[in-house]
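1. Okay, sequence plus prediction incoming.
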Amino acid sequence: MNNRQVFDHFLAIPSDIKEIERVQDFAHNVLSHTSYPTDIRQDIILALQEGVNNAIKHGNGNGSDQEVSINMTLYDSHLEMRIRDKGLGFDRDCLDDPTSPGQRMRCNGRGLLFIENYMDEICFVRATDYHELKMIRYR
């Protein structure tokens, strides 16, 4: 199977929640060059937005002196998105289950659940100087 890279787009933003609109515009622009249907594009943008929110809030601790980088790469078979921050990462198994009865009424804590539901694969990478969320959506 030929898995040729079609294009690669990169965006770096200050670690500031006000930059989310810029991330959405970036994603809309990138996805406009794909054959994903509108509803799938919306899912992808929501997953990306949640990942960037987490990178800003939890990874970089809202430190506007830090940066969040986003890479969107389209291959013949899938879209790959990578979000990097300067955080230490986390243990997925230690997070509360947002679907449990005691957590359902909380105003936050569902971002990772959205990401897991909207993307086909996700993984977390911890390197010496960054933490990365990698998300894949197949065509």
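-> Structure received.

2. buried set for stretch 37-47?
-> Ile40, Arg41, Asp43, Ile44, Ile45, Leu46, Ala47 (16 or more other C-beta atoms under 10 Å). Any C-beta I mention is one placed from the backbone N, CA and C, and that applies to glycine too.

3. check contacts around the second one.
-> Yep, that's Arg41 we're talking about. His28, Leu31, Thr34 (C-beta atoms under 8 Å, 6 or more residues apart in numbering).

4. and whichever strand or helix holds it, how far out from the chain's middle?
-> Assigned by DSSP states H and E, Arg41 belongs to helix 38-54. Taking the mean of its C-alpha atoms, helix 38-54 sits 7 Å from the chain's own mean (C-alpha atoms, centre = their mean, to the nearest Å).

5. May I ask which helix or strand of the chain has the lowest mean pLDDT?
-> helix 111-118 (a mean of 89; mean pLDDT, DSSP states H and E).

6. what's the offset of that one from the middle of its chain?
-> Helix 111-118 has its C-alpha centroid displaced from the chain centroid by 9 Å (C-alpha atoms, centre = their mean).

7. before we move on, what about stretch 50-67?
-> The answer for stretch 50-67 is 12 Å, by C-alpha atoms, centre = their mean.

8. same deal with stretch 65-78?
-> Stretch 65-78 sits 8 Å away from the centroid of its parent chain (C-alpha atoms, centre = their mean).
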